[in-house]
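[1] Got a predicted structure plus its sequence, pasted below:
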Amino acid sequence: MSTGALPGFRDFYPEQFAQRAWLFERWRDVARRFGFVEYDGPPLEPLDLYTKKSGDEIVGQLYNFEDKGGRQVALRPEMTPTVARMVAARANALRKPVRWFSIPQLFRYERQQKGRLREHFQLNVDIFGESDVAADAELLAVACEIMRACGLGPDDVVARVSDRRLLTALVRGAGVADEAIPAVFAAVDKIERESQDALVKKMTDGGVPASAAGRVLELVRASDVEQLRTEYAGDGEVIAALERFDAYAELLGAHGVRDYLRLDLTIVRGLAYYTGIVFELFDAKGEFRAVCGGGRYDNLLAALGGVDMPALGFGLGDVVLGELLKARGKMPSGAAAIEFWVAPVETTHRLSAIEVARRLRADGLSVEYPLKAQTLSKQLKAAQAAGARRVVFVGDAFLERGEVEVKDFATGQQQASTLHLLALRAQEHA
Ligand code: HAM
């Protein structure tokens, strides 16, 4: 038997687990500050939850099988269908707008590559029941504030934003019939990965006139708001979408995250259900895949649960963000740390050492002591390996006067102390 995990799956040894916990703490803290509440759903869902609305790409990556009851099921590859189903089921009872977040582990049988594994954790932040563009801005502000909480500013990360309604209007203006629009989205979604000829072919195969195909690619590549405003001055749909984008940018200014924003019509999102403003966050140097992606999906609840409720959200994965933070030296090492190593000076002090450890632990401090008899020099090495900040020597003074000697590794200082004082000081430093 191999001792390794399956390809694309990770073992979280304590260092990696600590880094994951560090990320999750930041995610939860920002979500909480924005008034979002946490939920979860089942990791296994009926297969047709995904085959109906997520689109071919994700359906091709499903971990699906027949369960012992003959049901067709799949491990969740994304959270959106689950949360849409859950909200639709209680649509009337929930206070609107619904502001929910979750950190599910997701499973996709992907071709393994940098930034893509077969499982990942994904923060999902979603708002239900609000169609105002202020909700779109609030959502992107959450994502940007998370970047900030991880130490990534607008020089490190850009939010590339588009609006499927704007793209639809432009494409219609270029003479593309509505039935052919999905082919345009599919081609634009691959604009950075496929050749011009392949993109044009994708579109013409889907019913887009060849002349329009070239023009659409030019327009999205330029992503020039002012050019669009002049060129499409007479097109109400385009102008309305541009005005919405202006309002969005203004709102993001008030949120203090305007500098992250960039209009980029090449962003359409691979998932089929998006209907409005869509976005992806990338590292500013363009070295990594998307850190985060999301947008408005106003029709999904109607499709899955028969409830007409606008919705929007994003998914932010732990893999790319982790790679980016490590590359920029912004990820803590994840090395273990405890507050105290309690060292019995002689073997005869072992029970006293356990009592000291117990009392410090009762005060909420993290404490280790040797589980077998060890010389003091071995203990000091063990204490450092355990990441202890201080060593508490327990000897005769403890038995006589309740006193211990405390050595601080950072300052090198050593002094006598009572347990009470020690706990107080440690809590002050925590
Ligand atoms: P997505 O673009 O498929 O969107 O995934 C969002 C993010 O999850 C990606 O930007 C990436 O960071 C991460 N991610 C996705 N697949 C993998 C993978 N195989 N390995 C590592 N990381 C990955 C969604 O899933 C939408 N359901 C998000 C959403 C929520 N939209 C609305 N609400």
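    Good, I have the coordinates.
[2] any idea what sits nearest residue 115, other than its immediate chain neighbours?
    Counting by CB to CB, 6 or more residues apart in numbering, the nearest residue to residue 115 once its immediate chain neighbours are dropped is residue 289, at 4.0 Å. Where you see a C-beta, it was placed from the backbone N, CA and C, and this is true even at glycine.
[3] List of residues touching stretch 330-342?
    Applying CB atoms under 8 Å, 6 or more residues apart in numbering, the external contacts of stretch 330-342 come out as 14-19, 22, 150-152, 322, 325, 353, 356-357, 360, 365-369, 379, 382-383, 386-392, 394, 426, 430.
[4] near the ligand, which residues of the protein?
    Residues of the chain lying close to the ligand by CB under 6 Å from any ligand atom are 78-80, 108, 110, 116-117, 120, 122, 124, 126, 271, 290-294, 313-315, 317, 319-320.
[5] hang on, the earlier thing: pretty sure the residue nearest to residue 115 is touching residue 116, no?
    Yes: under the criterion of CB atoms under 8 Å, residue 289 makes contact with residue 116 at 7.0 Å.
[6] Now residue 220: phi and psi?
    phi -70, psi -30 (degrees, to the nearest 10).
[7] what sits against it?
    By CB under 8 Å, 6+ apart, the contact set of residue 220 is 167, 188, 191, 265, 266.
[8] just to revisit the earlier point, can you say which of the residues of the chain next to the ligand are buried?
    78-80, 108, 110, 116-117, 120, 122, 124, 126, 271, 290-294, 313-315, 317, 319-320 (16 or more other CB atoms under 10 Å).
[9] Strands - which of the residues you listed land there?
    Among these, DSSP state E puts 120, 122, 124, 126, 292, 293, 294, 313, 314, 315, 317 in strands.
[10] now for those, which pair is the farthest apart?
    120 and 126 (17.8 Å; CB to CB).
[11] one step back: could you turn the buried ones of the contacts of stretch 330-342 into a PyMOL selection?
    To isolate the buried members of the contacts of stretch 330-342 in PyMOL, using 16+ other CB under 10 Å:
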select buried, resi 18+19+150+152+322+325+353+356+357+360+365+366+367+368+369+379+382+383+387+388+389+390+391+392+394+426
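[12] from the contacts of stretch 330-342, which ones fall inside helices?
    14-19, 22, 322, 325, 353, 356-357, 360, 379, 382-383, 426 (DSSP state H).
[13] I'd like to know which helix or strand in this structure has the lowest mean pLDDT.
    One helix or strand of the chain scores below all others by mean pLDDT, DSSP states H and E: helix 56-59, with a mean of 78.
[14] That one - contacts with which helices or strands?
    Packing partners of helix 56-59 (3 or more CB pairs under 8 Å, 6 or more residues apart in numbering; DSSP states H and E): helix 48-53.
[15] quick one: contacts of the helix it packs on?
    58-59, 62, 72, 74, 77-78, 81-82, 85, 272-273, 300, 303-304.
[16] again, but for stretch 293-308
    Residues contacting stretch 293-308 (CB under 8 Å, 6+ apart): 49, 52-53, 80-81, 84-85, 87-89, 91, 125, 128, 131, 136, 139, 143, 164, 269, 273-281, 309-315.
[17] same thing but 6 Å
    Residues from elsewhere that reach stretch 293-308 (CB atoms under 6 Å, 6 or more residues apart in numbering): 53, 84-85, 88, 91, 269, 273-278, 280, 309-314.
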